[in-house]
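In: only geometry, no sequence info:
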DNA sequence: GCAATGATTTACT
DNA sequence: GTAAATCATTGCC
């Protein structure tokens, strides 16, 4: 069983729900240089007017424009001038919310991913971390605003479900500047999975 | 216009 | 543990 997630999956107003439900789903990229699939094992929710950690907290800008776009599209931005971050836009059009994909477990095309990254295919450094998984899967800045329902990057459900006890919630990484929002338990990961990022506290 | 900084990673000491 | 890479955005003059 394999089905591309429909627009309705992404249109829920609360990004936290989508972040939890994305665990176990399969991210799929058909790039100029090949095809790869990987299971999502770590996510973070961002958005709404109260989330000071969100890029949209201060309102709409050229960078975060795509966060206000249609549900089920991509928000890709450059972080620290070095790494690309891949987010899934959620909520109704005009409502700024997104889910950052922070860790994926390779399923298909791992050798190609390994070549891009310069690490062994069975090494977690391949795709455990938001900045490295985009490099591994060949997600570039031109993927910003890409439609995840019909475009060359998609997310599908292959029936895999993690039991509730395997899902871990915790603080988001790298948002200590965000005041109370820094403590929101909006980071979700699969307990014990080696492809979850080694995040600092 | 200029300076500081960040939803990170890696290689150092 | 600390620092560098590297640039768009932001805030302040």
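Out: Thanks, I have it. As the structure is a prediction and not an experimental result, all values here were calculated from the model.

In: In chain A, what residue lies closest to DNA strand C?
Out: Residue of chain A nearest DNA strand C, by C-beta to the nearest atom of the strand: residue A:81 (2.9 Å). Placement of C-beta: from N, CA and C, glycine included.

In: That residue is in what secondary structure piece?
Out: Per DSSP states H and E, residue A:81 falls between elements, in no helix or strand.

In: what about the helix or strand where residue A:44 lies, near DNA strand B?
Out: Here residue A:44 sits within strand A:34-47, counting by DSSP H and E. Yes: counting by C-beta under 7 Å from any atom of the strand, contacts between strand A:34-47 and DNA strand B involve A:44, A:46.

In: Please spell out which residues along that strand are buried.
Out: Buried residues in strand A:34-47, counted by 16 or more other C-beta atoms under 10 Å: A:36-47.

In: now swap in stretch A:146-165 and tell me
Out: A:146, A:148-149, A:153-157.

In: cool, stretch A:70-83 as well?
Out: In terms of neighbour count (16+ other C-beta under 10 Å), stretch A:70-83 has its buried residues at A:70-77.

In: repeat for stretch A:105-120
Out: Using 16+ other C-beta under 10 Å as the test for burial, stretch A:105-120 gives A:105-106, A:109-110, A:112-114, A:116-117, A:119.

In: could the buried residues of stretch A:70-83 be laid out in CSV, adding pLDDT?
Out: Converted to CSV, those look like this (pLDDT from 0 to 100):
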residue, pLDDT
A:70, 96
A:71, 97
A:72, 97
A:73, 97
A:74, 97
A:75, 97
A:76, 96
A:77, 95
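
In: Sounds good, over and out.
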